[in-house]
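Colleague: sequence-free structure coming up:
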């Protein structure tokens, strides 16, 4: 973690699934009193359904005309 103008910023490495193209993940944030889960659908107090997790597809490639990569 490191301190920025916005507060403490955390970073982590998320291991990619090796047996399927998509890796699904949600982020669990702990406080002194409870836990909050951050997913693609927002924040909730319980583990979100898989359909609401963030999704990363390691096989996705931008089109050849996209020169921003």
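Modeller: Nice, thanks for sending it over. Just so we're clear, the structure is a prediction, and the values are computed from it rather than from any experiment. Numbering: from 1, shown residues only.

Colleague: okay, now residue 57: neighbour count?
Modeller: Per other CB atoms under 10 Å, the neighbour tally for residue 57 reads 12. (Each C-beta comes from the backbone N, C-alpha and C, glycine too.)

Colleague: Low-confidence stretches in the protein?
Modeller: Residues of the chain meeting the criterion pLDDT under 70: 1-4, 67-69.

Colleague: same thing but 90
Modeller: Applying pLDDT under 90 to the chain flags residues 1-12, 29-32, 58-69.

Colleague: From residue 30, how far out is residue 22?
Modeller: 26 Å (CB to CB, to the nearest Å).

Colleague: between these two, who's got more neighbours?
Modeller: residue 22 (13 against 8).

Colleague: Verify the contact between the more buried one and residue 55 for me.
Modeller: Yes: using CB atoms under 8 Å, residue 22 is in contact with residue 55, at 5.4 Å.

Colleague: just the strands in the chain please.
Modeller: Here the chain has its strands, by DSSP state E, at 2-4, 7-9, 22-25, 27-30, 35-39, 42-44, 54-57.

Colleague: So for residue 64, which of the ones you listed sits nearest?
Modeller: strand 54-57 (17.8 Å; CB to CB).

Colleague: Show me what the closest one is packed up against.
Modeller: On a contact count with 3 or more CB pairs under 8 Å, 6 or more residues apart in numbering; DSSP states H and E, strand 54-57 meets strand 22-25.

Colleague: Okay, now the sheet partners of the strand it packs on, with direction.
Modeller: The strands that strand 22-25 pairs with in its sheet are strand 54-57 (antiparallel) (by DSSP bridges).
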